[in-house]
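Chemist: next one to model:
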Amino acid sequence: MPRGWDWYRSTRLALVVGSTLALALSSFVNAVSNVTQFKNPAIALRFAPADPEALANAAETSITDGSRMAEVEKSARLSLKGLAINPVALRLLGHVEDVAGHKSQAGRLLNLSERASRRDLATQLWLIEYTAGRGDIDQTFRHYDAALRANPESGALLFPILANAFEDPALRKAFLPYIRINPYWMSPFLSQSIAESDHPEAIAQTLGAAGGMPDEAKLQPLETILLARLANAGQLEAARRFFGIMRGSDRNILAFVDFDIKTTDLRFAPLTWQNAEKSSIGATFEGGKLDRDRQVRVFAASGESGVALRRFLFLAPGRYAFQENRTLVDTGAQQTDFYWQIKCVSEGQAKIIWRSGRAEQLVIPSACKAQLIELYVDGGVGQNGVEAIVHSLRFNKLPS
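Modeler: Numbering: from 1, shown residues only. Next up is the predicted model:
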């Protein structure tokens, strides 16, 4: 492997996890009194001066003070003398060597600490930092996994840093096996990442490379959330690719507008039909004449107006004939309105290119790769608002 790549890999990993150690140690030291045998190790040492755990815990509180390394080393060695299988003491000695610049010796002691116990969070954090500094991607992820398996609460600290794996190709490749294995921390990690990431397309790309979202019932809603984030952000091509790897998806429906079981399946919204989440305006799907067919009942309260139904489409460029079968329910409302409109979505922008009642034919330009169709309803004036049933909806492609 070229030497330049070694430098890049080591540098990139250091950037990814560089803040891990300082943050982790600060959190660890603040919380140590809640997770150790003695809540106040200094007081504990007054009663048992040779107690190995109290000695280690006392040294723990001094770890972030570089001027007290001799004191840390002394306490750690005394602790190790009293308790041979002592991951905390070994890790503290490793830290002393690391501060002194003895990286190899520090690594050896940290590895010994991990062998004594993989449950020591601070040891795993040091090893994350140590292996990242060496550019060892696989080992870095192994220690992330060990830390999260043994200490689920560490996700609050590690998830934001681990999320960098989605955006870097080298890190992404090493992370794929963990998505496929699906350790129990993967679900909360994906949930947080999908909700908070500024780059949902990177998460979708990573999941695609892994063969899709892990096959677990509680993860299925996350697919819908990620798909919606992609589509609503205007990243329609990424949304279409991700839709293609979702279990139960059917690419044929992406250019089919009528209502059936597949096009109204909310797991795939908004690439399938999605109704407005309002009590005063919206739509409900009902069974049609055939088991596979459906129709939609649309409503808007008096004085209310807006989009009652929407979805994204991928119609091919060309001319289309519009066909709709609709029944208006007599509610006595006046000045109501009811129309379809289609917007071309490109680079995050949406431009209206067609509206029912104004043009018989829909023309999709060659540059329009994705579209948004919306049903606009105005409840007008009256006591009961407006209600209608759309039995079918079609756009039939015309010869060019």
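Chemist: all contacts plus neighbour counts: C-alpha atoms, from now on.
Modeler: Fine.
Chemist: so for Phe285, what's the nearest residue that isn't a sequence neighbour?
Modeler: Val296 (4.5 Å; Cα to Cα, 6 or more residues apart in numbering).
Chemist: partners of the helix or strand hosting the one you found in the sheet?
Modeler: In the assignment (DSSP states H and E), Val296 maps to strand 294-300. Each strand paired with strand 294-300, and its direction, by DSSP bridges: strand 281-287 (antiparallel), strand 386-397 (antiparallel).
Chemist: could you name the helices and strands sitting against the helix or strand just after it?
Modeler: With elements assigned by DSSP H and E, the helix or strand that comes after strand 294-300 is strand 305-313. Using 3 or more Cα pairs under 8 Å, 6 or more residues apart in numbering; DSSP states H and E, the elements in contact with strand 305-313 are strand 274-275, strand 281-287, strand 294-300, strand 370-378.
Chemist: number of nearby residues for the residue nearest to Gln334 when sequence neighbours are not counted?
Modeler: Once flanking residues are discounted, Gln334 sits nearest to Val381: 5.0 Å by Cα to Cα, 6+ apart. Val381: 17 surrounding residues under other Cα atoms under 10 Å.
Chemist: quick check: Val381 vs Phe338, distance?
Modeler: Note on Val381: its distance to Phe338, by Cα to Cα, to the nearest Å, is 14 Å.
Chemist: could you do His95 as well?
Modeler: With Cα to Cα as the criterion, His95 and Phe338 are 70 Å apart.
Chemist: who has more neighbours out of these two?
Modeler: Higher neighbour count among His95 and Phe338: His95, with 26 against 21, using other Cα under 10 Å.
Chemist: buried stuff in the host helix or strand of the more buried one?
Modeler: Secondary structure assigned from DSSP H and E places His95 in helix 87-99. Across helix 87-99, burial judged by 16 or more other Cα atoms under 10 Å covers Pro87, Val88, Ala89, Leu90, Arg91, Leu92, Leu93, Gly94, His95, Val96, Glu97, Asp98.
Chemist: cool, and stretch 281-290?
Modeler: Ile281, Gly282, Ala283, Phe285.
Chemist: stretch 350-367 too?
Modeler: Trp354, Arg355, Ser356, Gln361, Leu362, Val363, Ile364.
Chemist: likewise stretch 392-400?
Modeler: Ser392, Leu393, Phe395, Lys397.
Chemist: list the residues that contact the closest residue in space to the third one that isn't next to it in sequence.
Modeler: What sits nearest to Phe395 in space, not counting adjacent residues and going by Cα to Cα, 6+ apart, is Phe322, at 4.8 Å. Contacts here follow Cα atoms under 8 Å, 6 or more residues apart in numbering; on that basis Phe322 touches Glu360, Gln361, Leu362, Leu393, Arg394, Phe395, Asn396.
Chemist: report pLDDT for the first one.
Modeler: Spelled out, it's Glu360. Here, the pLDDT recorded for Glu360 equals 81.
Chemist: likewise the fifth one?
Modeler: With respect to pLDDT, Arg394 has a value of 94.
Chemist: tell me the SS of the residue lying closest to it once chain neighbours are set aside?
Modeler: Among residues not flanking Arg394 along the chain, Gln323 sits closest, at 5.1 Å (Cα to Cα, 6+ apart). At Gln323 the chain is in strand, as set by DSSP: H, G, I helix; E, B strand; the rest coil.
Chemist: and Gln323, how far from Asp258?
Modeler: With Cα to Cα as the criterion, Gln323 and Asp258 are 10 Å apart.
Chemist: excluding its backbone neighbours, what's nearest Leu227?
Modeler: Leu227 sits nearest to Ala239 (Cα to Cα, 6+ apart), 5.7 Å away.
Chemist: burial of the one you found, as a residue count?
Modeler: Residues near Ala239, counting by other Cα under 10 Å: 24.
Chemist: could you give the separation of the helix or strand hosting it from the chain centroid?
Modeler: In this assignment (DSSP H and E), Ala239 forms part of helix 236-245. Distance of helix 236-245 from its chain centroid, counting by Cα atoms, centre = their mean, to the nearest Å, is 15 Å.
Chemist: what's in contact with it?
Modeler: 201, 204-205, 208, 211-212, 227-228, 230-231, 249-251, 268, 370.
Chemist: most centrally placed residue in the chain?
Modeler: Centroid-nearest residue in the chain, with Cα atoms, centre = their mean: Ile194, separated by 1.9 Å.
Chemist: these two touch, right, it and Ala202?
Modeler: No: contact between Ile194 and Ala202 fails when scored by Cα atoms under 8 Å: they sit 10.0 Å apart.
Chemist: coming back round to it: let me know the secondary structure of the residue nearest to the centre of the chain.
Modeler: Quick answer, by three-state DSSP: Ile194 is helix.
Chemist: quick thing: my sequence starts at 4, can you match it?
Modeler: All set: I'll call the first residue 4, so the last point we hit is now Ile197.
Chemist: from Glu219, how far off is it?
Modeler: Taking Cα to Cα as the measure, Ile197 and Glu219 are separated by 16 Å.
Chemist: swap in Ala213?
Modeler: 14 Å.
Chemist: these two - which one has more neighbours?
Modeler: Neighbours were counted for Ala213 and for Glu219 using other Cα under 10 Å; Ala213 has more, 18 against 9.
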